[in-house]
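S.K.: sequence plus the predicted model coming up.
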Amino acid sequence: MAAPTLSSGPGLEYCRLYIGQQQSLNRILEQLIQFGYERVDQVADPGECALHGGILDMFPATFESPLRLEFDGTRLVSIRSFNPQTLETLDRHTMVVILPCEVRAVGRKIVGGILPGSAAEQPFESCLDLEEGDVVVHVDHGIGRYVGRTTITSVAGGRQDALMLEYADGDRLYVPMDQLHLVQKYVAFGHRAPALHKLGGVAWERAKTKAYVGAWAYATMLLELQAKRVALPGYAFAKDQEWQRAFEAAFPYRETPDQLTATAEVKQDMESPRPMDRVLLGDVGYGKTEVAIRAAFKAVMDHKQVAVLVPTTILAYQHHRTFTKRMQGFPIQVEMLTRFQSDADQRHILEALASGGCDIVIGTHRLLSGDVRFKDLGLLVVDEEQRFGVKDKEQLKQWRTQVDVLTLSATPIPRTLYLALVGARDMSLITTPPENRHPIDTHVVQEDDESLRRWILRELARKGQVFIVHNRIQDIHAVARRIGRLVPEARLGVVHGRMAEEELERVMLAFIDGALDVLVTTTIIESGIDIPNANTLIVRGAEAFGLADLYQLRGRVGRFDRKAYAYLVVLKDAVLTSEARKRLEAMSEHTALGSGFKIAMEDLKIRGAGNLLGIEQSGHISAVGFDFYCRLLREAVGRLRQENSLLLPQHHMSERLTHVS
């Protein structure tokens, strides 16, 4: 009986499993044990596996949900992701790549399983899901179209399942299932379908070579920038002291393994003399804030100040409450700075920052104003960077050269995600959901008063609360009055970003304390708001929202031990663009816990690469597909690092360009 397909790279082995594969269940189980998996009765956490007759469950270290492999004798007939709590199917896969458990911890600093080495030999995607008609990229033959599966006779005379790929002029390529690692979905940016390559032609080799030259040049630039940052003098924080251990022990919940790992990685960066620039990527409600709080406490214990930059006044208010409560009992002064505070209050806080009387300040864009001066700033925490504008990001670039920076995000901006995918930016992942979290039941529906009343009353009947998002301040009170007429028994409140701070705080406190049943609000509540009793979300005019916004909004519910509902309401007269339809479809498809990374990838695909890498690299991506370009760029980054060289010799670059032109 054949063993699972194994491949090797520098310090890496992986197991590739695919539909139709002839395998021994016990052999796969043995391989998982060698990879560091623990055999249990029921899988619940990454790194676990369980065997039930002809069914093998496993929770791969690089997956967001466990997998169920079903066998008919020794033939693998089904691979699917499932919810470990409800056992419902989340996704079906053609092929999956299983990595050793230790790769997750070792490789986390650079993430897409993303390790240096030969791009063609190592897996980039952890799974391959193909439907007939999908455009694909074969590493050796270029862009084709998947048209189905068939059975072929192998060189040895045996029968073997294979993919059928169609190329230009109707030519067919048959790819045996044990060569699936050579095939990826074609992903690019724009609406035009790519031209299929001709088998045996030179167009693919030319496109591949040009893309690699472009990737090499871009990798050189990335590493030059990274080298400049590393060369800058930074502050090396001291090791943890006794108060740090006491502070962390006071955390009222049990940390997830990912939280502990991320915290250790952040501390390691802070104790290094080079400035930290780490992205902490974790789904909404997965505990990113606690990691940031521990980093802030560590900075203050070393007599440094901390700035926490947030996109909204409500989030600043909530973080201020959270930080203050967590640090109660320690001699740490936490303040909040927003443009809605009185001039006198703002002056007082600015003076405290300049004199060192304030240890931690939590604020909105106001923190980036020219009159803000710190006595000794050591750490900047940026919550949801994608919510800030171009000018704000330029200001943040300057801060990154001076202090340690920790960026928190559930759906990172495409550029951040891209740099992490290719290993050019440090990233920590929190993929383990907290206890008692459940997937959110998500529906895309047309506006309907009767349904609106039914959804609200159902939530009120179980003593819960409701968010209703309407992102137009000019008529938000009219919408609130309409809902009041539909559900007169509900206690309503309204919040938006132009309210006076005192009124905003009063309404939010009333909702948090349960004195209000329904909160009619703009997107001001989309980031970080944590109200466990609110478990129904209604988004009006959902077709006008960005994908990251919708995902963040949905994260406001589902934080309690009861089922949560999200209704993405399309207005009756709305005409959906293709992009809006894709966004809503993505929200309906990605409902599983930990879908933030997938949503970020979908957002990257929908938004395009124009301002991500520039026109030249965008052309290379279109020529070879995003996944393959990432392989090339990752390989270039890896080789440049291995050679300890930051610059490709100019004459060598010219030779390559001349050769492919």
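M.R.: Great, that's in hand.
S.K.: does V557 touch A566 like I think?
M.R.: Yes: between V557 and A566 there is a contact at 6.3 Å, judged by Cβ atoms under 8 Å. All C-beta spots, glycine's among them, are computed from the backbone N, C-alpha and C.
S.K.: so what's in contact with these two at the same time?
M.R.: Common neighbours of V557 and A566 are listed as I440, T536, L537 (criterion: Cβ atoms under 8 Å, 6 or more residues apart in numbering).
S.K.: with just CA atoms, put stretch 362-382 into CSV.
M.R.: Backbone C-alpha positions of stretch 362-382 (Å, rounded to 0.1, in the frame of the first residue of the first chain) are rendered in CSV as follows:
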residue,chain,number,x,y,z
ILE,A,362,-5.6,55.7,24.1
GLY,A,363,-6.8,57.9,21.3
THR,A,364,-8.1,58.4,17.8
HIS,A,365,-6.5,60.4,14.9
ARG,A,366,-6.0,63.2,17.5
LEU,A,367,-2.9,61.3,18.7
LEU,A,368,-1.3,62.1,15.3
SER,A,369,-1.6,65.8,15.7
GLY,A,370,1.4,68.0,15.8
ASP,A,371,0.9,69.2,19.3
VAL,A,372,1.2,65.7,20.8
ARG,A,373,4.6,65.3,22.5
PHE,A,374,5.7,62.3,24.6
LYS,A,375,8.4,62.4,27.3
ASP,A,376,9.6,58.9,26.4
LEU,A,377,7.4,56.9,24.0
GLY,A,378,8.4,53.2,23.7
LEU,A,379,5.5,51.4,22.1
LEU,A,380,2.8,52.2,19.6
VAL,A,381,-0.2,49.9,19.3
VAL,A,382,-2.3,50.4,16.1
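S.K.: got the buried residues for it?
M.R.: Of the residues in stretch 362-382, those scored as buried under the neighbour-count criterion (16 or more other Cβ atoms under 10 Å) are 362-368, 372, 374, 377-382.
S.K.: tell me the mean pLDDT for it?
M.R.: Confidence for stretch 362-382, expressed as mean pLDDT, is 92.
S.K.: got it, and stretch 633-647?
M.R.: Model confidence over stretch 633-647, given as mean pLDDT, is 69.
S.K.: just stretch 248-261 next, same as before
M.R.: Throughout stretch 248-261, pLDDT has a mean value of 90.
S.K.: what's whatever helix or strand A227 lives in packed up against?
M.R.: When secondary structure is defined using DSSP states H and E, the element that contains A227 is helix 203-231. Using 3 or more Cβ pairs under 8 Å, 6 or more residues apart in numbering; DSSP states H and E as the contact criterion, the elements in contact with helix 203-231 are strand 142-153, helix 615-624, helix 626-642, helix 650-660.
S.K.: count the residues that sit near the nearest residue to G234 once chain neighbours are set aside.
M.R.: Take G234 and drop its neighbours on the chain: the residue closest to it by Cβ to Cβ, 6 or more residues apart in numbering is P275, 4.1 Å away. P275 has 21 neighbouring residues, counting by other Cβ atoms under 10 Å.
S.K.: wouldn't P275 be in contact with W399 here?
M.R.: No: the pair P275 / W399 is not scored as a contact, 9.5 Å apart, by Cβ under 8 Å.
S.K.: domain-wise, how is this protein divided?
M.R.: Structural domains assigned to the chain are 1-103+120-201, 441-591, following automatic domain parsing.
S.K.: wasn't L380 part of a strand?
M.R.: Yes: when the secondary structure is assigned by DSSP: H, G, I helix; E, B strand; the rest coil, L380 falls within a strand.
S.K.: roughly how far apart are it and A295?
M.R.: Distance from L380 to A295, counting by Cβ to Cβ, to the nearest Å: 10 Å.
S.K.: okay, and which of the shared contacts of V557 and A566 map to strands?
M.R.: When the shared contacts of V557 and A566 are checked against strands (DSSP state E), the matches are T536, L537.
S.K.: format the shared contacts of V557 and A566 as TSV; extra columns: distance to P194, pLDDT and neighbour count.
M.R.: Rendered in TSV, the data for the shared contacts of V557 and A566 read as follows (distance: Cβ to Cβ, whole Å; pLDDT from 0 to 100; neighbours: other Cβ atoms under 10 Å):
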residue	distance to P194	pLDDT	neighbour count
I440	35	85	23
T536	43	96	23
L537	38	96	26
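S.K.: which strand or helix spans R278?
M.R.: If you go by DSSP H and E, R278 is part of strand 277-282.
S.K.: that strand to helix 203-231, inter-axis angle?
M.R.: Comparing the axes of strand 277-282 and helix 203-231 via axes from the mean of the first three to the mean of the last three Cα atoms, to 10 degrees yields an angle of 110 degrees.
S.K.: what is strand 277-282 packed up against?
M.R.: Using 3+ Cβ pairs under 8 Å, 6+ apart as the contact criterion, the neighbours of strand 277-282 among helices and strands are helix 257-270, helix 288-301, strand 404-409, helix 414-421, strand 426-430, helix 596-607.
S.K.: worst mean pLDDT among these?
M.R.: Ranked by mean pLDDT, those end with helix 414-421 at the bottom, a mean of 58.
S.K.: is it true that L130 touches V136?
M.R.: Yes: between L130 and V136 there is a contact under Cβ under 8 Å: 7.0 Å.
S.K.: intersection of neighbour lists for those two?
M.R.: With contacts taken as Cβ under 8 Å, 6+ apart, L130 and V136 have Y146, K185 as neighbours in common.
S.K.: give me the number of residues near S622?
M.R.: Using other Cβ under 10 Å, S622 has 19 neighbouring residues.
S.K.: next: Q42.
M.R.: By other Cβ under 10 Å, 10 other residues sit near Q42.
S.K.: show the pLDDT at it.
M.R.: The predicted local distance difference test score for Q42 is 89.
S.K.: tell me the contacts of it?
M.R.: For Q42, the residues meeting the contact criterion (Cβ under 8 Å, 6+ apart) are A50, D57, P84.
S.K.: then E526?
M.R.: T312, V469, D549, Q552, L553, R556.
S.K.: remind me which residues of the stretch 351-500 of the chain are low pLDDT?
M.R.: Using pLDDT under 70 as the threshold, the predicted model of the stretch 351-500 of the chain has low-confidence ranges 386-387, 389-391, 393-394, 397, 400-401, 411-425, 434-437.
S.K.: in it, which spans are helices?
M.R.: Ranges of helices in the stretch 351-500 of the chain, per DSSP state H, counting those that start in this stretch, are 390-400, 414-421, 449-461, 476-486.
S.K.: residue contacts, F511?
M.R.: With contact taken as Cβ under 8 Å, 6+ apart, F511 is in contact with Q465, G493, L519, I531, A534.
S.K.: tell me the secondary structure for it?
M.R.: helix.
S.K.: which stretch among the domains of the chain comes nearest D283?
M.R.: domain 441-591 (7.3 Å; Cβ to Cβ).
S.K.: so how many other residues sit close to Q244?
M.R.: When neighbours are counted by other Cβ under 10 Å, Q244 comes out with 17.
S.K.: surely V77 meets Y18?
M.R.: No: look at V77 against Y18 with Cβ under 8 Å: they stay out of range, at 11.1 Å.
S.K.: higher neighbour count, those two?
M.R.: Taking other Cβ under 10 Å, V77 and Y18 do not tie; Y18 has more neighbours (24 against 13).
S.K.: and the residue nearest to that one when sequence neighbours are not counted, what pLDDT?
M.R.: In space, not counting the residues next to it along the chain, Y18 is nearest to M95; the distance is 4.0 Å by Cβ to Cβ, 6+ apart. With respect to pLDDT, M95 has a value of 80.
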